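Participant: Show me the folded form of this:
(chains A and B)
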Amino acid sequence: MSGKDREWLDHLHEFLIDEIVHGKDDEPVEEADVKAFEAAVAAGRSRLARRKLEAARRAVRSDVFASAPVSDLEMERARRRLTSLGTGANDDGANLTLAARFGQGGNDDDDGMLEDIAELERDRDSNDR
Amino acid sequence: MDAEAGARRVPCSEEEVSEFFDRMTSAQKRDAYRFAVKCSATCLADAEELINEAYVRMCDGRRTRRTDSDDLFSILMGTIKSLASDRHFITETTRIRRMGCGEDRGKYGVIERDADRGGVALDEASADAGDVVDRMDPDEYRKALLADIAGDAELELLFEGLSVPFIGEDLADWMGMDTVALATVRRRFKRQILQLGKRLAEAARER
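Facilitator: Okay, here's the model as predicted:
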């Protein structure tokens, strides 16, 4: 059925809307209709709340995983920091000590630890600014 | 140009929509529900689904209102009407219902259970492929409406005039009535259409 063929249905709906919104009708209200309407709206409210919750979850996830990759320069700084922590020399990064010393027992994931330290340094630098 | 043509439109906000639904009168709720039931007779969604979706779309700003009016009742009705004529609006519930109907039995595959809602998630691609082939054809609806008002000369004449479409004074001239007499016929016609919609929707549910 083409759009032209169903124009009359659109006109009929327009008439109904106009009559319902502007017409006067004192027909008694059936409670069942009111309850059915309210149930449908309650379902809409609940669906909207679920969607918002899901959007908030996605936003948190994307925020958590959005940190920029660690650069070579930051890795080199982290390596130096790790060495200095290992020798106990001039430890001005005491707040990094705990993370660094996890590596002293010979952690297999050295690069992972260096990345962690680099990110901690980056966070500290941005907090100092 | 009049003020109406000059009025800007802005998206409805969630706050104002929620507030509007809270303060709707019982008569408005009744009318909106019956209108949705009537619309559901010629579309695949239930009245509840049309209202539910209209609420969500109004809240998330997909519907606009005029800046010089805060009455959202006509916006709600217009949204229900748009959804009912939107070929792409097929709700999940309807898709599930269609899985077990006639020749289409088994056409749409259930792929997983939706843990959050206790419902069933479908293979969307295959469900969409079916589109809206089994909605009640508007032509069938027209026949049912004409049969329902057959013999009532005033309603037949009004339906003919509305289909042109005549409105306002043109409609009164067409009907050969003053506005008071026309208001009575309009109200009678509205009630009859809504009653017919209810009967058709009930019959569709039983199929």
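
Participant: Skipping adjacent residues, who's closest to the residue in chain B that chain A sits nearest to in space?
Facilitator: The nearest approach of chain B to chain A comes at B:Tyr55, 3.3 Å away (C-beta to the nearest C-beta). (Glycine included, C-beta is placed from N, CA and C.) Excluding the flanking residues, the one nearest B:Tyr55 by C-beta to C-beta, 6 or more residues apart in numbering or on different chains is A:Gly44, at 3.3 Å.

Participant: What count of nearby residues applies to the one you found?
Facilitator: By the criterion of other C-beta atoms under 10 Å in any protein chain shown, A:Gly44 has 23 neighbours.

Participant: which helices and strands sit right next to whichever strand or helix holds it?
Facilitator: Following DSSP states H and E, one finds A:Gly44 within helix A:31-64. Helix A:31-64 sits against helix B:14-22, helix B:26-40, helix B:47-59, with contacts defined as 3 or more C-beta pairs under 8 Å, 6 or more residues apart in numbering or on different chains; DSSP states H and E.

Participant: Who are the packing partners of the second one?
Facilitator: When contacts are defined as 3+ C-beta pairs under 8 Å, 6+ apart, helix B:26-40 sits against helix A:7-22, helix A:31-64, helix B:47-59, helix B:73-84, helix B:179-206.

Participant: What average pLDDT does the last one get?
Facilitator: This predicted structure assigns helix B:179-206 an average pLDDT of 90.

Participant: Give me the buried positions along that helix.
Facilitator: The neighbour-count criterion (16 or more other C-beta atoms under 10 Å in any protein chain shown) identifies B:182-183, B:185-187, B:189-190, B:192-194, B:196-198, B:200-201, B:204 as the buried residues of helix B:179-206.

Participant: do the same with the first one
Facilitator: By neighbour count on 16+ other C-beta under 10 Å, the buried set for helix A:7-22 is A:8-9, A:11-20.

Participant: near chain B, which of the residues you listed show up?
Facilitator: Among the buried residues of helix A:7-22, the residues that sit close to chain B (C-beta under 8 Å from any C-beta of the partner chain) are A:8-9, A:11-20.

Participant: for the helices and strands packed on helix B:26-40, which one sits closest to B:Ala36?
Facilitator: Of all the helices and strands packed on helix B:26-40, helix B:47-59 sits nearest to B:Ala36, with 3.8 Å by C-beta to C-beta.
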